[in-house]
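A.B. asks: just a sequence and a predicted model for now, questions to come.
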Amino acid sequence: MKNLKHNISFLVLATVFAVSAAAQTNLTSLDGAKVDVEAQTGKVVVMAIGAAWLPLSAKQAEYTNALAKKYAGKNVVVYFVMTDSANPKSKNYTSVEDIKRFVAANKLTVTVLRDPDGAATLRKFNVDQVPSFVLLNKKGEAASEPFGGIDPKYDITIPISKAIDKLL
């Protein structure tokens, strides 16, 4: 009986962790649609991970649009993932309206997703700085270490494009 309880407890915990890990890839677009970035089977996924409050995210938006344009019509999907928290009590809270203003001001042409936790995507893909770019292969798995940091004097789309080309 003791072993049965232990096994049941283990299974419950394993299920909770599995559901939690899967939920971290389910993000919400600004129009409310749920998107599972890891379920884009057969496509390379590019995630620009930024925040509306971060000045370098404007440059990241420019790079994101350039990548989306370069890979339009290919098996590549590009998202801009906002890590601004949806919780008004959080220190990195940003309203949907503020995010929409960021999108409009930076003329983002890709689907914008929100990580409502503000950090689940960072944890899931081992991102240690924002802004960053994360690539997923055609199986929905992280294809490399995140491309972190933006230097306005260096075009980060060059190494990202090389990595995408290898995945195609």
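C.D. replies: That came through, no problem.
A.B. asks: buried set for stretch 116-127?
C.D. replies: The neighbour-count check on stretch 116-127 (16 or more other Cβ atoms under 10 Å) flags 117-118, 120-122, 124-125, 127 as buried. C-beta coordinates here come from the backbone N, C-alpha and C atoms, glycine included.
A.B. asks: ranges for the helices of this structure?
C.D. replies: For the chain, applying DSSP state H gives helices covering 2-23, 56-70, 96-105, 120-124, 157-167.
A.B. asks: wait, doesn't residue 124 sit right on residue 25?
C.D. replies: Yes. Residue 124 lies in contact with residue 25 (Cβ atoms under 8 Å); the separation is 6.5 Å.
A.B. asks: shared neighbours, the two?
C.D. replies: Contact criterion Cβ atoms under 8 Å, 6 or more residues apart in numbering; residues shared by residue 124 and residue 25: none found.
A.B. asks: weakest of the helices of the chain in terms of mean pLDDT?
C.D. replies: The stretch with the lowest mean pLDDT among these is helix 2-23, at a mean of 38.
A.B. asks: how many other residues sit next to the nearest residue to residue 74 once chain neighbours are set aside?
C.D. replies: Using Cβ to Cβ, 6 or more residues apart in numbering and skipping the chain neighbours, the partner closest in space to residue 74 is residue 168 (6.5 Å). Neighbourhood size, residue 168 [other Cβ atoms under 10 Å]: 12.
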